[in-house]
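Asks: Build the 3D model from these lines:
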Amino acid sequence: MTRIAAHLAGPGGRRCVTASEPAGVRLCARTVARTGGAVTVVTALDLAPYRSSADTLLLGSLALDAVMLGCTYAVTRLAVGRALRPVHAA
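Replies: Predicted coordinates:
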């Protein structure tokens with residue numbers, strides 16, 4: 001990661017890369033002008049919380065879909081049963 005940060009700290013302006021080792025770390029560099037020259041600031045962000053949130057959202061969405069499918073089946077069966085009750089009685 002130090003090698004990537006050193007490469008980003010070179011001249012070039014604003015850039016971002018995702019490091020493969022360690023996995024899931026995004027490094028961004030931005031050059032900031034000062035009166036005595038320019039300074040490059042390099043920051044790192046761990047992407048694990050974002051990936052974890054996406055997995056949680058996917059599982060929650062699948063669970064909600066299953067509940068909605070079950071409710072739709074129950075309501076449809078109830079409505080069709082009531083609609084066909086006069087036919088069954090005759």
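Asks: only C-alpha atoms for contact and neighbour calcs from this point on.
Replies: OK.
Asks: okay, now A29: neighbour count?
Replies: Residues within reach of A29, counting by other Cα atoms under 10 Å, total 23.
Asks: What pLDDT is listed against it?
Replies: Model confidence at A29, given as pLDDT, is 87.
Asks: show me what contacts the nearest residue in space to it that is not next to it in sequence?
Replies: For A29, ignoring the flanking residues on the chain, the nearest one in space by Cα to Cα, 6 or more residues apart in numbering is V42 at 4.3 Å. V42 makes contacts with A5, L8, A9, L27, C28, A29, R30, as judged by Cα atoms under 8 Å, 6 or more residues apart in numbering.
Asks: Among those residues, which pair sits farthest apart?
Replies: Greatest spacing in the contacts of V42, by Cα to Cα: A5 and R30 (11.5 Å).
Asks: okay, how far is it across stretch 38-55, tip to tip?
Replies: Taking Cα to Cα, to the nearest Å, stretch 38-55 runs 41 Å from one end to the other.
Asks: Enumerate the positions of it that are buried.
Replies: For stretch 38-55, a neighbour-count test (16 or more other Cα atoms under 10 Å) marks T40, V42, A44 as buried.
Asks: I'd assumed A19 was in contact with the last one.
Replies: No. Counting by Cα atoms under 8 Å, A19 is not a contact partner of A44; they are 9.7 Å apart.
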